[in-house]
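> One predicted model, sequence on top.
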Amino acid sequence: MKALVYTGPEGLDFRDAPEPAPSSGDVLVEIAHVGICGSDMHAWAGHDERRPAPLILGHEAAGTIIEGPRMGRRVTVNPLVTCGTCEDCVAGRENLCHLRQIISMPPREGAFAQRLAIPERNVVEIPGGVPTEMAALAEPLACGWHAVRIAERALNRPIEEARCLVLGGGAIGLGAALVLASKGAREIHVAETNPARRAIVAAAGDFRAFDPAEGGPADLDLVIDGVGFEATRAAACAAVRPGGVIAHIGLGSASGGLDIRRITLQEIAFIGTYTYTARDFVETAQAIFAGALGPLDWSEIRPLSDGARAFADIKAGRAAAPKIILKP
């Protein structure tokens, strides 16, 4: 099969790769669409020791089962493969499973390929009329769904009364904003530095998109950091109100930016949120299928063979779309 293989820092090669070998309980999925994630960019830049070259990246996938149970059904893929028996899995917190694996990280190859083997329990069927490129957004949108759900528990007021800020207008940030809107949040601001992307965010919902270089709102109940750099953590700490909540999704850098003194003295809750639970993924997919998160028409689709250029365009800021989706 053909695959887009990570070969080293900023190296991608579209070439022949071994066919996946399904294990017991797996299905073989013919990939129709697969998105480029920020973590793929991080690995491509050579900044993720967990993803050594050569490796097939990509974990935001949807396609059709061509071997195994439910053959012929279109599905979206939950890329987190967990044990199902540990304390966290039994408690419905599969994202914290100490044995968890994710496709695009050894020992599991990713979905920038024509085919992928994945446990049958990790796929969600796509109903008729929903395109696979939309269903492939379930993974990034589930990150926002999980973050909003966790943050909502920590707020001292209903989400319908909350003033909210999302840092970053990529798929993670925009997804979080769409989830907030679906829950009826009173006010939603989105900070995005790229003007072309900012226009897309503004058109995607009733959001107050702005350039953070020009200032922004303050005294907010909830701030969601979908970027995760020192500067965005500092911005979150400055913008949140006393007693408010910061939900941190982004993995841009490992440290810096937190105003620990203010967080302590003003009882600000800082919550790290990692991916999603199996239930979050299913609920996100169902919300997409029901149209609850809007038309989701802001992706750009390119051929998988053009993947190397897509990565370069994202790095250079030439890609306005919040998500580039590759088609094998």
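Good, I have the coordinates.

> hey, let's count contacts and neighbours off CA atoms from now on
Will do.

> Could you give the bridge partners of Glu125?
Applying DSSP bridges to Glu125 gives these bridge partners: Val75.

> Am I right that it is in contact with Arg73?
Yes - using Cα atoms under 8 Å, Glu125 makes contact with Arg73 at a distance of 6.7 Å.

> Look at these two and report which has more neighbours.
Glu125 (19 against 16; other Cα atoms under 10 Å).

> ok, the residue nearest to Leu141 when sequence neighbours are not counted to Ala191 distance?
Residue nearest to Leu141 in three dimensions, not counting chain neighbours: Gly175, with 4.8 Å by Cα to Cα, 6 or more residues apart in numbering. As judged by Cα to Cα, to the nearest Å, Gly175 and Ala191 stand 13 Å apart.

> How about Gly92?
Taking Cα to Cα, one finds Gly92 at 32 Å from Ala191.

> hmm, back to that, wait, isn't the residue nearest to Leu141 in contact with Gly144?
Yes - with contact defined as Cα under 8 Å, Gly175 reaches Gly144; the gap is 5.6 Å.

> Which of the two has more residues huddled nearby?
Set Gly175 next to Gly144 and count neighbours by other Cα under 10 Å: Gly144 wins out with 31 against 26.

> Now that one. Its backbone dihedrals?
Torsion angles at Gly144 (phi, psi; degrees, to the nearest 10) stand at phi -70, psi -40.

> The residue nearest to it when sequence neighbours are not counted: neighbour count?
Spatial nearest neighbour of Gly144, chain neighbours left out: Ala176 (4.0 Å); criterion: Cα to Cα, 6+ apart. Neighbours of Ala176 under the rule other Cα under 10 Å: 32.

> correct me, but Ala176 touches Ile150?
No - judged on Cα under 8 Å, Ala176 makes no contact with Ile150 at a distance of 12.0 Å.

> Just confirm Val190 is within a helix.
No - read with DSSP: H, G, I helix; E, B strand; the rest coil, Val190 is strand and lies in no helix.

> now it: how far from Phe229?
Val190 is 16 Å from Phe229, where distance means Cα to Cα.

> Looking at these two, which is more packed in?
A count of neighbours by other Cα under 10 Å puts Val190 above the other of Val190 and Phe229, at 27 against 18.
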